[in-house]
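S.K.: structure here, sequence nowhere to be found:
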């Protein structure tokens with residue numbers, strides 16, 4: 001018999017379009033009004049497994065005639081690669097704020113209209129290294145308010161500064177993202193298939209290492225085949 005979790009029966013979700021992941025989450029997708037953290041290796045335009053997963057989810061959202069937003073703080077989101085994942089770039093709201101404060105404002109604006117919001121953070125320690133503790137408290141408070149009052153699914157892509165995703169040193173003391181995230185996904189075992197220099201497919205394992213709405217510890221093997229298109 002499936003265990004009952006608080007609010008799991010009443011939570012609204014956004015399907016990821018990746019069936020193994022939806023099953024591993026126990027509730028059929030990413031919960032709305034909450035934070036999901038996707039922890040993976042450093043993202044570059046050449047090796048963007050985490051952002052490819054985000055783009056595939058965003059493409060699913062677009063097919064439902066909903067709005068998807070990408071807030072790219074690390075400047076690593078590859079629009080061409082995202083299009084090859086099925087995302088329609090002209091219909092994507094993409095912003096690359098210069099500061100975390102501008103990102104929070106962009107997040108607040110997006111939360112009023114977007115069904116799915118991805119925040120590409122990279123290393124949280126590096127990103128927030130120059131932010132004063134008092135400002136971190138304000139940022140955290142604003143983040144709580146934005147997510148709690150929104151009907152969006154929020155996906156934060158991070159890169160751990162330590163090898164262990166459970167290590168609290170991955171985050172500044174005043175911004176414990178691992179604690180406030182409702183779901184945490186750990187990206188492992190990545191592999192790419194190439195045709196000459198062009199990636200044609202990607203596969204990886206996503207492990208649910210935290211789940212407030214279901215059982216943690218479940219894994220999902222995800223596979224993405226990339227469309228062939230003409231790069232503009």
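M.R.: Nice, I can see it. As the structure is a computational prediction, the values presented were derived from the model and not from experiment. Residues are numbered from 1 along each chain as shown.

S.K.: buried ones in the lowest-mean-pLDDT helix or strand in the chain?
M.R.: When each helix and strand of the chain is scored by mean pLDDT, DSSP states H and E, helix 79-84 comes last, with a mean of 90. By neighbour count on 16 or more other Cβ atoms under 10 Å, the buried set for helix 79-84 is 79, 81, 82, 83, 84. Quick note: C-beta positions are derived from backbone N, CA and C, even for glycine.

S.K.: those: which two are farthest apart?
M.R.: Distance extremes for those: the farthest pair is 79 and 84 at 9.9 Å, using Cβ to Cβ.

S.K.: any chance you could map the helices in the protein?
M.R.: Along the chain, the stretches classed as helices by DSSP state H are 19-24, 49-63, 79-84, 100-110, 124-127, 133-148, 177-180.

S.K.: mind giving me the packing neighbours of the fifth one?
M.R.: Counting by 3 or more Cβ pairs under 8 Å, 6 or more residues apart in numbering; DSSP states H and E, no packing neighbours are recorded for helix 124-127 among the helices and strands.

S.K.: outside of that helix itself, list whatever touches it.
M.R.: With Cβ atoms under 8 Å, 6 or more residues apart in numbering as the test, helix 124-127 has contacts from 73, 74, 100, 121, 158, 161, 169, 170, 171, 172, 175, 177.

S.K.: ok so, going back, for residue 202, find the nearest of the helices of the chain.
M.R.: helix 49-63 (5.7 Å).

S.K.: distance check, residue 29 against residue 129.
M.R.: Distance of residue 29 to residue 129, computed by Cβ to Cβ, to the nearest Å: 34 Å.

S.K.: show me which of those two is the more surrounded one.
M.R.: residue 29 (20 against 9; other Cβ atoms under 10 Å).

S.K.: name the nearest residue to the more buried one, ignoring sequence neighbours.
M.R.: Nearest residue to residue 29 in three dimensions, chain neighbours excluded: residue 13, at 3.7 Å (Cβ to Cβ, 6 or more residues apart in numbering).

S.K.: hang on, the earlier thing: who wins for most neighbours among the contacts of helix 124-127?
M.R.: Counting neighbours by other Cβ under 10 Å, residue 158 leads those with 27 neighbours.

S.K.: quick one: distance of stretch 202-222 to the chain centre.
M.R.: Its chain's average C-alpha position is 13 Å from that of stretch 202-222, according to Cα atoms, centre = their mean, to the nearest Å.

S.K.: what sits up against that stretch?
M.R.: Residues outside stretch 202-222 that contact it (Cβ under 8 Å, 6+ apart): 3, 5-8, 11, 18, 20-21, 23-27, 31, 34, 38-39, 49, 52-53, 165-166, 178, 181-193, 223-224, 226.

S.K.: list the contacts for residue 129?
M.R.: Listed by Cβ under 8 Å, 6+ apart, the contact set of residue 129 reads residue 172.

S.K.: make JSON lines from the helices of the chain and add distance to residue 203 to it.
M.R.: Below are those laid out as JSON lines (distance: least, Cβ to Cβ, whole Å):
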{"stretch": "helix 19-24", "distance to residue 203": "11"}
{"stretch": "helix 49-63", "distance to residue 203": "9"}
{"stretch": "helix 79-84", "distance to residue 203": "15"}
{"stretch": "helix 100-110", "distance to residue 203": "30"}
{"stretch": "helix 124-127", "distance to residue 203": "26"}
{"stretch": "helix 133-148", "distance to residue 203": "30"}
{"stretch": "helix 177-180", "distance to residue 203": "26"}
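
S.K.: just those: most buried one?
M.R.: Mean neighbour count (mean count of other Cβ atoms under 10 Å) peaks for helix 49-63 among the helices of the chain, with a mean of 24.
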